[in-house]
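**Student:** Provided below for reference: sequence and predicted model.
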Amino acid sequence: IEGLNTLIKGFRPGELTIFSGPTGVGKTTFLSQTSLDYCAQGVNTLWGSFEIQNVRLLRKMLAQHSGVTPEELAEDFEVHADRFEQLPLYFLRFHGSTEIGTILDAMEYACYVHDVEHIILDNLQFMCSDQSGGSFDRFEYQDRVVSRFRQFATSKGVHITLVVHPRKLDQETRFGMSSVFGGAKAIQEADNVIILQNDDRVCKHIEVLKNRFDGDTGRVPLRFDKPTQRYVELSRREYQERKQLLVDSPDRDSSQSLSTPSSSAPTYRNFVVNPEAR
């Protein structure tokens, strides 16, 4: 998303990004889209999906990568599947509760064998469930896990995006850094904190709350194109049109009313890898 890239100036190797947002807001959908943008630029990417089975995630990613409607995808499935297969994209085979040492070993192997530069871990709570035995309580264990991921990102020169669920708040509340579940360790260790917000009736926003690189923060309005399963940045004019529509017809769903047909969905121009950092 161009507005997001303008804020964060690209993701850099050796950094840790904490990504959060309300339950069901579309965090995995957003991250799968951005990871495809990275792959399209030649960034070897490793996915660790601890909540959603890899098969289900792959179906979503194939739809996003094709950029066409489900009917068009079915028509030329082999063509789109062949293109998708060329991406430098790898997946961990773990699901649910997994010991941190096992995950780090697999990450290290992927970095060594496949030259992985970006690792997405979705999410901290599912990964750590039932792993906090002994002298560590749940928050302490999660803090220790975050610290080890921070060390791994620095020592291996890879970017790690870690999904952390928020505290239980109203879905339409504007989430802040204190909304991230657990202790303060995740926020302290992170170079970037990004939240997919659902607090505006007009549309969702992707918001940068922390940016250690140059301090820029802000939020970018988004619409969701359902046929292609992709988020698209709203222009200022589109946002104002949706806002006015709500004023004129408060019971109307603006997210559906002003959707752009999938045929006009833009091609990939989203996350640009910071050339100075590579």
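**Tutor:** Thanks, I have the structure now.

**Student:** Next, V116: secondary structure please.
**Tutor:** coil (DSSP: H, G, I helix; E, B strand; the rest coil).

**Student:** Distance check, it against Q64.
**Tutor:** Look at V116 and Q64: by C-beta to C-beta, to the nearest Å, they are 20 Å apart. Every C-beta, even on glycine, is put in place using the N, C-alpha and C of the backbone.

**Student:** do the same with D37
**Tutor:** 10 Å.

**Student:** cool, and G10?
**Tutor:** As judged by C-beta to C-beta, G10 and Q64 stand 20 Å apart.

**Student:** Low-confidence ranges, this structure, go.
**Tutor:** 132-136, 170-171, 182-183, 250-278 (pLDDT under 70).

**Student:** same thing but 50
**Tutor:** 135, 254-278 (pLDDT under 50).

**Student:** For K204, which residues are in contact?
**Tutor:** Contact analysis of K204 by C-beta atoms under 8 Å, 6 or more residues apart in numbering lists V25, G26, L196, Q197, N198, P221, L222, R223, F224, Y231.

**Student:** ok, which stretches of this protein are helices?
**Tutor:** Assigned by DSSP state H, the helices in the chain fall at 2-8, 27-40, 54-66, 70-75, 77-85, 100-114, 124-128, 138-156, 185-189, 236-248, 254-257.

**Student:** Quick one: those helices as a markdown table, columns for distance to H165 too.
**Tutor:** Converted to a markdown table, those look like this (distance: least, C-beta to C-beta, whole Å):
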| stretch | distance to H165 |
| --- | --- |
| helix 2-8 | 21 |
| helix 27-40 | 9 |
| helix 54-66 | 17 |
| helix 70-75 | 29 |
| helix 77-85 | 29 |
| helix 100-114 | 17 |
| helix 124-128 | 5 |
| helix 138-156 | 11 |
| helix 185-189 | 11 |
| helix 236-248 | 28 |
| helix 254-257 | 23 |
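
**Student:** can you tell which of the ones you listed is closest to L46?
**Tutor:** helix 100-114 (4.8 Å; C-beta to C-beta).

**Student:** Check which helices and strands that closest one sits against.
**Tutor:** Judged by 3 or more C-beta pairs under 8 Å, 6 or more residues apart in numbering; DSSP states H and E, the packing partners of helix 100-114 are strand 45-49, strand 118-122, helix 124-128, helix 138-156.

**Student:** Next, the residues that contact that helix from outside, please.
**Tutor:** Helix 100-114 is contacted from outside by 44, 46, 48, 88, 90, 92, 94, 116, 119, 121, 127-128, 131, 144-145, 148, 152, 156, 158, using C-beta under 8 Å, 6+ apart.

**Student:** Now list the buried members of those residues.
**Tutor:** Burial by neighbour count, 16 or more other C-beta atoms under 10 Å: within these this picks out 44, 46, 48, 88, 90, 92, 94, 116, 119, 121, 127-128, 131, 145, 152, 156, 158.

**Student:** before we move on, back to that, out of the helices and strands packed on helix 100-114, the one nearest C203 is which?
**Tutor:** strand 118-122 (23.2 Å).

**Student:** strand partners of that closest one, parallel vs antiparallel please.
**Tutor:** Here strand 118-122 is paired, per DSSP bridges, with strand 45-49 (parallel), strand 159-163 (parallel).

**Student:** what's the closest non-adjacent residue to Y90?
**Tutor:** L46 (4.8 Å; C-beta to C-beta, 6 or more residues apart in numbering).

**Student:** check contacts around that neighbour.
**Tutor:** So L46 contacts Y90, F91, L92, M107, A110, H114, V116, H118, I119, I120 (C-beta under 8 Å, 6+ apart).

**Student:** Brilliant, that's me finished.
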